[in-house]
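K.L.:
Structure here, sequence nowhere to be found:
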């Protein structure tokens, strides 16, 4: 080892003694909020030593890497506090998640939310103690012996699965944990955290294993960032789509059919309006809709590769004319049927129904068929994780030369849809080859590169999502940030050369030869159930006018004007608007409040004065003032966007004005 090495920091190189610590090598280049460093591209602790030339980049606490380190260190701090307060508790794993962390414990008794304040207080005491966090490396066998003596059987199991001969342990005070790191230099760097919940979790996610107690928490670089996050959590609770679904009468769940929603009439309106919108878009972009079977023989799923890669998530059923058994083994595809979890294999039969020429391509087919997936009960979550769904699913069969143009077309559709639905920003990832996959590595690399070029060509910045492609091909993932700063993966475009091969699909080229088509899998909204859940939370239930289950509600002030109120509602209904008359003998304030809670965009009030003048008083959702207009005038006013019906205006107008105003509400085409 050389006595001196060269380190480069912020573009400036200098010579330092070998064995210098990273913190010293930075020599003032690191600010007070530097908590780690990237050395030759690898994140490491500030106290690590350097034995070779290195390029060093400081990692700030509020950077994405810094936040991840803070959250990981906060998970360790929580585990130390838990084991201090609850002797006999074993630790398992404590990874970071978006905005926070969790740690799974095996305690003498399950934790409850009542335990969280005490744990938090202990964490603050440990943070204030400024315990130095040290990294040590030991032989794997020694680590296993150490944790076995401590009674940490889960840690021993983890160590036994590590292939390396040496492992790293992090120590803070008299507590230690197996970990790769890096971590903050000491506990005083952990300043802004909050424990947010408890849950049960199976060890290694397997329901056959022991049930553990999971504690969730949030951690940030500053208290201000944490406070903003906690406000968003409270807002998210108020906007929880399960809560809004009950309050607005959109959907219900029942144990009689776990994980499968019942859409009520108002919810069905939203569902069908989204489908109608996508159908209008399909006509414009040249897609033909098909209807395909719900149940197929398992030999289909074997041919497609789903039997080997997806059968644990499929509902299997028997062949009533066969031996009457369900066989979920590797060779079970020879018997029985399965309810389809996706449309793509069935669509290959639509393609193969006719002999295809290059002149027939691209063939774009869409399907709103119902899908079923056997999700684990612990993974179910309202509409965002269900066991039945419909997707705005489409498959494009095209020549290799048409791939770029077809991907561009579908990316344009994605932009059209999300702009129309009020999502202002999209983010993209390229999901690459998973461990279990069909086809050669070379083909995967070619298709991944093609999708990357498509994203670049369409000016969509993207990141790689390693190993998260579908088993049959890589995919573009579109993430939609919502009003609560959460990111939802919704749209996807997948490039597949494998399924046409497995189903022996061909077309005749211009030279008269047979060639293999390429298959593009595409969904824009994705699961309609999941999208509705996301949209409800994004808007707080205040949907665009064209999606609102009830678009106008007429409120009568007295019995004397009931006939006029009913006439207005009937007129609006006859014109195709979803309108309702509230003729109950209740106070106006009560009726208005109910209409506002129901998120009705247009609240129309009529009293004796309005009836005499053939006018109405219009209150737009959440508007603090009333405005009167003639009934024939209101609908001639065009709002700039769907947000207009939230502006603080109440108007008096004629009925035909109201009709013109409603007719001019934007509806995506």
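P.N.:
Thanks, I have it. Quantities reported herein were computed from a predicted structural model and do not represent experimental measurements.

K.L.:
Going by C-alpha atoms from here, please, whenever you check contacts or count neighbours.
P.N.:
OK.

K.L.:
for whatever helix or strand residue 610 lives in, packing partners?
P.N.:
Secondary structure from DSSP states H and E places residue 610 in helix 608-613. Using 3 or more C-alpha pairs under 8 Å, 6 or more residues apart in numbering; DSSP states H and E, no helix or strand is in contact with helix 608-613.

K.L.:
what about that helix, average pLDDT?
P.N.:
Per-residue pLDDT over helix 608-613 has a mean of 92.

K.L.:
same question, stretch 341-361
P.N.:
Here the average pLDDT along stretch 341-361 is 96.

K.L.:
quick one: contacts of it?
P.N.:
For stretch 341-361, the surrounding residues in contact (C-alpha atoms under 8 Å, 6 or more residues apart in numbering) are 292-293, 300-301, 304, 313-314, 365, 367, 369, 371-373, 393, 395, 397-399, 499-500, 503, 505-510, 521.

K.L.:
among the residues you listed, which ones are buried?
P.N.:
Buried by 16 or more other C-alpha atoms under 10 Å: 292, 300-301, 304, 313-314, 365, 367, 369, 371-373, 393, 395, 397-399, 499-500, 505-508, 521, out of these.

K.L.:
Of the residues you listed, which belong to strands?
P.N.:
Using DSSP state E, the subset of the buried ones among the contacts of stretch 341-361 located in strands is 365, 367, 371, 372, 393, 395, 397, 398, 507, 508, 521.

K.L.:
Now that the second one has come up, it's in contact with residue 291, right?
P.N.:
Yes - contact criterion C-alpha atoms under 8 Å: residue 367 and residue 291 qualify, at 6.1 Å.

K.L.:
Common neighbours of these two, please.
P.N.:
By C-alpha under 8 Å, 6+ apart, no residue touches both residue 367 and residue 291.

K.L.:
what's the offset of the strand or helix carrying residue 134 from the middle of its chain?
P.N.:
Using DSSP H and E, residue 134 maps to strand 133-139. Here strand 133-139 is found 37 Å from its chain centre; the criterion is C-alpha atoms, centre = their mean, to the nearest Å.

K.L.:
List the strands paired with it, with their directions.
P.N.:
In the sheet, strand 133-139 lines up against strand 166-172 (antiparallel) (DSSP bridges).

K.L.:
Going by neighbour count, which residues of the partner strand are buried?
P.N.:
If you call a residue buried by 16+ other C-alpha under 10 Å, then strand 166-172 has these buried ones: 167, 168, 169, 170, 171, 172.

K.L.:
now it: mean pLDDT?
P.N.:
Mean pLDDT, computed over strand 166-172, is 95.

K.L.:
helix or strand right after that strand?
P.N.:
Following strand 166-172 in sequence order, the next helix or strand is strand 175-178 (DSSP H and E).

K.L.:
Centre of the chain to that following strand, how far?
P.N.:
Relative to its chain's centre, strand 175-178 lies at 33 Å (C-alpha atoms, centre = their mean).

K.L.:
Same check on stretch 290-305?
P.N.:
The answer for stretch 290-305 is 27 Å, by C-alpha atoms, centre = their mean.

K.L.:
which residues touch that stretch?
P.N.:
307-308, 332-340, 343, 345-347, 365-371, 438, 499, 502-503.

K.L.:
Which of those fall in helices?
P.N.:
The members of the contacts of stretch 290-305 that map onto helices under DSSP state H are 307, 308, 345, 346, 347, 499, 502.

K.L.:
Buried residues, the helix or strand where residue 569 lies. List them.
P.N.:
In the assignment (DSSP H and E), residue 569 maps to helix 562-574. Buried residues in helix 562-574, counting neighbours by 16+ other C-alpha under 10 Å, are found at 562, 564, 565, 566, 568, 569, 570, 572.

K.L.:
just to revisit the earlier point, outside of the helix holding residue 610, which residues touch it?
P.N.:
With contact meaning C-alpha under 8 Å, 6+ apart, helix 608-613 is reached by 557, 560, 561, 564, 616, 617, 630.

K.L.:
what about 7 Å?
P.N.:
Contacting residues not belonging to helix 608-613 are listed as 561, 564, 616 [C-alpha atoms under 7 Å, 6 or more residues apart in numbering].
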